[in-house]
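1. Below are the sequence and a predicted model for it; my questions follow.
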There are 2 protein chains.
Amino acid sequence: MHSSKYLQQLIESEIASYGFKGKPDELYEPIHYTMMLGGKRMRPVLYLLAHQMFGGDPHRSLLPALGIEVFHNFTLLHDDIMDNAPLRRAKETVHKKWNADIAILSGDTMFVQACQLLSRVDEKYLRQTLDIFFKTAIEVCEGQQIDMNFEKMPDVTSEQYLEMIRLKTAVLLGCSLQLGALTAGASEHDQRHLYSFGENTGIAFQLLDDILDVYGDEVKFGKQVGGDIISNKKTMLLITALSEANPKQKVVLDELLNAKNFDPAQKVASVKNIYDELSIREKTTSRMEKYFHKAMTNLNAIETDPQLKQPLIELAEKLMVRES
Amino acid sequence: MHSSKYLQQLIESEIASYGFKGKPDELYEPIHYTMMLGGKRMRPVLYLLAHQMFGGDPHRSLLPALGIEVFHNFTLLHDDIMDNAPLRRAKETVHKKWNADIAILSGDTMFVQACQLLSRVDEKYLRQTLDIFFKTAIEVCEGQQIDMNFEKMPDVTSEQYLEMIRLKTAVLLGCSLQLGALTAGASEHDQRHLYSFGENTGIAFQLLDDILDVYGDEVKFGKQVGGDIISNKKTMLLITALSEANPKQKVVLDELLNAKNFDPAQKVASVKNIYDELSIREKTTSRMEKYFHKAMTNLNAIETDPQLKQPLIELAEKLMVRES
């Protein structure tokens, strides 16, 4: 049994040895740059954890696991163009460092590479692997579009928000786990529960992200606290606050959201004040815990030695108590 | 034996019935719009022609053939963003009609759909189909990047140009034919020759495009004649002229290429004049014919009833004598 940490190192060295180089340089340098930016490598680790849970050898399944990581990084690369994001993991984004055309085309190439890597699974699991992966890839695109739509929608319900984060973030975690299990010969029952475990953990993970953006420790979180408030991002916190505010609070919130000129620190403090009055932190935490418990129920339903589930439980717990 | 025309209609009605619809609308409307823009459907027709050549039934192989068409349209969609093209088949491009973000994401989704459709081949051909398709997809991205690089390069050789059009255009024709043949059980020998037939036809096709842009009939060609000259596009004609011009012609050409303010018709006439002095049309035509003959040699090498090759010969000849 390998730990998450060991598997992460395995992925990291596989990325380094795979290299992601080629000609023309203008196409491959941004890919190499993107893949070397680091990160938790959460998705391939989940793939390998699920894989070893059913007797698979992680050392022999690195390529498909890496495929998931390449796919994830491709989505970040294209999302960063759409969000006009200047930084990713504290480094310049590809479309800023090079340009948008190069970011589009390098991203496209990464998607093909992801498919090539994914298709390195054992012949007998190839079709199922592709069916699950392509379905998920489509859902991730749908989630990103819904997220973009939210920016122009006056009202977003918490149900719409949960569906968006399910598609944009959670399904890929579910997919990673299911594919790791499938390719190690897990039953459909176990695959389904692992998928749901990933999906529910993913939603919980994103809700925690929303909480940390407002209540996290600036240093540990690694980005400006209150960034979502400053940019009026429709997070679960804001959506809940807007739906539960009394008329007076609603007026104050609307004023804060519509202000053209404002002191950012002041805006964060004022919105936070309303959040506190409405117990938004507690309500979102309780919602998050609900998904986390669902995830644990999924894990319990899996018919395997509880010992083998331990690294997955530890990883999920670590993700849930993180401050960053 | 079905004709190219019949197969094109088959693909057209398959596109209409497949629909390319879904939610959210913002993601799927541009996909539906793109797929309905029409065109010659050359790539899926080639797939089906090769398929029936080895006993395959086109009616049962429409989905993978359609996958190639979706992939091709995805590349056009993303290329149009990079080239900032306002029109595609005389209609607004997706990034103009909607916006660049939507064009990026709809394109990404189309790429996944292409993979889903392609993977509908018979189980026993799945891995080979994917290997060939993904390799080709990477090459198409490389070709597009090299084409973008050319804009900033002072000198491009005819060898570099031929390699670029091979990657950007020709390999996908080869891939379409090879996959159609592979999935009908063709031998590796025949697959290889069909691939080369497609590749050589593709290069000849692109060279003819370069010729028609200058010497074509405006009405029949459907776009402004001389557009490549006006925009200083490095086509085989310009590359050959630059390498063969005498010092005096070189000075005139450089002046024309560097002029900031010019009368477009005057520029076209002057460049054309130098092309005529250097017999550029004849030289490019002879180069094109060389590739066309290579293609025919490939076709001759295929071990099947000559009768079955007829529709492919006719299609290639039609492409070569076209005026548009």
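-> Structure's in. What do you need? Residues are numbered from 1 along each chain as shown, chains lettered A, B, ... in the order given.
2. show me what contacts A:Ala295?
-> A:Ser196, A:Phe197, A:Gly198, A:Asn200, A:Thr201, A:Ala204, A:Ala316 (Cβ atoms under 8 Å, 6 or more residues apart in numbering or on different chains). Any C-beta I mention is one placed from the backbone N, CA and C, and that applies to glycine too.
3. Looking at those residues, which are in helices?
-> A:Ser196, A:Phe197, A:Gly198, A:Asn200, A:Thr201, A:Ala204, A:Ala316 (DSSP state H).
4. okay, now the second one: neighbour count?
-> A:Phe197: 29 surrounding residues under other Cβ atoms under 10 Å in any protein chain shown.
5. so it touches A:Gln178, yeah?
-> No. Using Cβ atoms under 8 Å, A:Phe197 is not in contact with A:Gln178, being 9.5 Å away.
6. What ranges in the stretch 1-150 of chain A fall below the confidence cut-off?
-> Residue ranges of the stretch 1-150 of chain A with pLDDT under 70: none are present.
7. State the distance from the nearest residue to A:Ile81 once chain neighbours are set aside to A:Leu76.
-> The shortest distance from A:Ile81 to any non-neighbouring residue, by Cβ to Cβ, 6 or more residues apart in numbering or on different chains, is to A:His95 (4.7 Å). Applying Cβ to Cβ, to the nearest Å, the value for A:His95 to A:Leu76 is 11 Å.
8. pLDDT score assigned to the residue of the stretch 201-324 of chain A found nearest chain B?
-> Nearest to chain B, among the residues of the stretch 201-324 of chain A, is A:Lys234, at 15.4 Å (Cβ to the nearest Cβ). In this prediction, A:Lys234 carries a pLDDT score of 96.
9. Same question for A:Val321.
-> A:Val321 is assigned a predicted lDDT (pLDDT) of 79.
10. That one: neighbour count?
-> Every residue meeting other Cβ under 10 Å relative to A:Val321 is counted, giving 8.
11. Can you give me the distance of it to A:Ser176?
-> 21 Å.
12. and for stretch A:273-293, what are the contacting residues?
-> A:200-201, A:203-204, A:207-208, A:210-211, A:214-215, A:236-237, A:240-241, A:244-245, A:249, A:252-253, A:316, A:320.
13. Break down chain A into its strands, ranges please.
-> Assigned by DSSP state E, the strands in chain A fall at A:87-88, A:91-92.
14. out of those, nearest to B:Ala265?
-> strand A:91-92 (44.6 Å; Cβ to Cβ).
15. Each with direction, which strands does the closest one pair with?
-> According to DSSP bridges, strand A:91-92 forms sheet pairs with strand A:87-88 (antiparallel).
16. ok, and what's touching the strand it pairs with?
-> A:Leu37, A:Leu76, A:Asp80, A:Thr93.
17. starting at the chain centroid, how far to it?
-> On the basis of Cα atoms, centre = their mean, to the nearest Å, strand A:87-88 sits 15 Å off its chain's mean C-alpha point.
18. so what's the residue in chain A sticking out farthest from the centre scoring on pLDDT?
-> For chain A, the residue at maximal distance from the C-alpha centroid (Cα atoms, centre = their mean) is A:Lys248, at 35.8 Å. Model confidence at A:Lys248, given as pLDDT, is 97.
19. Next, count neighbours for A:Glu314.
-> 14.
20. That one is in contact with A:Lys5, isn't it?
-> No. If you go by Cβ under 8 Å, A:Glu314 and A:Lys5 don't touch, sitting 10.0 Å apart.
21. shared neighbours, the two?
-> Common neighbours of A:Glu314 and A:Lys5 (Cβ under 8 Å, 6+ apart) do not exist.
22. Show me which residues of chain A are close to chain B?
-> Residues of chain A lying near chain B by Cβ under 8 Å from any Cβ of the partner chain: A:22-24, A:26-27, A:78, A:81-82, A:100-102, A:104-105, A:107-109, A:111-113, A:115-116, A:119, A:123, A:126-127, A:130-131, A:134, A:137-138, A:141-142, A:144-146, A:148-149.
23. Of those residues, which qualify as buried by neighbour count?
-> Among the residues of chain A next to chain B, those classed as buried by 16 or more other Cβ atoms under 10 Å in any protein chain shown are A:26-27, A:78, A:81-82, A:100-102, A:104-105, A:107-109, A:111-113, A:115-116, A:119, A:126-127, A:130, A:134, A:137-138, A:141-142, A:144-146, A:148-149.
24. of the contacts of A:Ala295, closest to B:Val171?
-> Using Cβ to Cβ, the contacts of A:Ala295 come closest to B:Val171 at A:Gly198, 37.2 Å.
25. Report the contact partners of the closest one.
-> A:Leu46, A:Ala170, A:Leu173, A:Gly174, A:Cys175, A:Ser176, A:Leu177, A:Gln178, A:Ala295.
26. Return the subset of those lying in helices.
-> Those of the contacts of A:Gly198 lying in helices (DSSP H): A:Leu46, A:Leu173, A:Gly174, A:Cys175, A:Ser176, A:Leu177, A:Gln178, A:Ala295.
27. surely the second one meets A:Ser196?
-> No. Counting by Cβ under 8 Å, no contact exists between A:Leu173 and A:Ser196, whose distance comes to 10.5 Å.
28. Give me the neighbour count for A:Arg261.
-> Just to correct that, residue A:261 is Asn rather than Arg. 4.
29. In terms of pLDDT, where does it sit?
-> 92.
30. do the same with the one 3 residues further on
-> Reading off the per-residue confidence, A:Pro264 sits at a pLDDT of 94.
31. is it true that it touches A:Gly226?
-> Yes. Counting by Cβ under 8 Å, A:Pro264 touches A:Gly226, with 7.3 Å between them.
32. Those two: who's more crowded?
-> Comparing A:Pro264 with A:Gly226 by other Cβ under 10 Å, the one with more neighbours is A:Gly226, at 20 against 13.
33. Could I get the contacting residues of that one?
-> Counted by Cβ under 8 Å, 6+ apart, A:Gly226 has contacts A:Asp213, A:Val214, A:Pro264, A:Ala265, A:Lys267, A:Val268, A:Lys272.
34. and if you look at A:Leu62?
-> Contacts of A:Leu62 (Cβ under 8 Å, 6+ apart): A:Leu10, A:Ile11, A:Glu14, A:Leu48.
35. Give me the local confidence score for A:Leu315.
-> 87.
36. Now it: closest residue in space, sequence neighbours ignored.
-> Of all residues not flanking A:Leu315 in the chain, A:Ser4 sits nearest, at 4.8 Å (Cβ to Cβ, 6+ apart).
37. now do A:Cys115
-> Spatial nearest neighbour of A:Cys115, chain neighbours left out: B:Phe134 (5.5 Å); criterion: Cβ to Cβ, 6+ apart.
38. what does A:Ser270 give?
-> Of all residues not flanking A:Ser270 in the chain, A:Leu256 sits nearest, at 5.6 Å (Cβ to Cβ, 6+ apart).
39. Quick check: that neighbour touching A:Phe262?
-> Yes. Applying Cβ under 8 Å as the test, A:Leu256 and A:Phe262 come out as touching, 7.5 Å apart.
40. So between these two, which is more surrounded?
-> Taking neighbours as other Cβ under 10 Å, A:Leu256 and A:Phe262 compare with A:Leu256 leading, 18 against 14.
41. Can you pull out the low-pLDDT segments for the stretch 151-300 of chain A?
-> Short version for the stretch 151-300 of chain A, where the test is pLDDT under 70: A:218-223.
42. need the helices for it, in chain order.
-> Here the stretch 151-300 of chain A has its helices, by DSSP state H, counting those that start in this stretch, at A:158-165, A:171-182, A:188-215, A:218-221, A:227-230, A:236-244, A:247-258, A:264-277, A:280-300.
43. any idea of the angle the third one forms with helix A:280-300?
-> If I follow you right, that is helix A:188-215. Counting by axes from the mean of the first three to the mean of the last three Cα atoms, to 10 degrees, helix A:188-215 lies at 160 degrees to helix A:280-300.
44. now helix A:188-215, how far from the centre of its chain.
-> With Cα atoms, centre = their mean, you get 9 Å for helix A:188-215.
45. got the buried residues for it?
-> In helix A:188-215, counting by 16+ other Cβ under 10 Å, buried: A:190-215.
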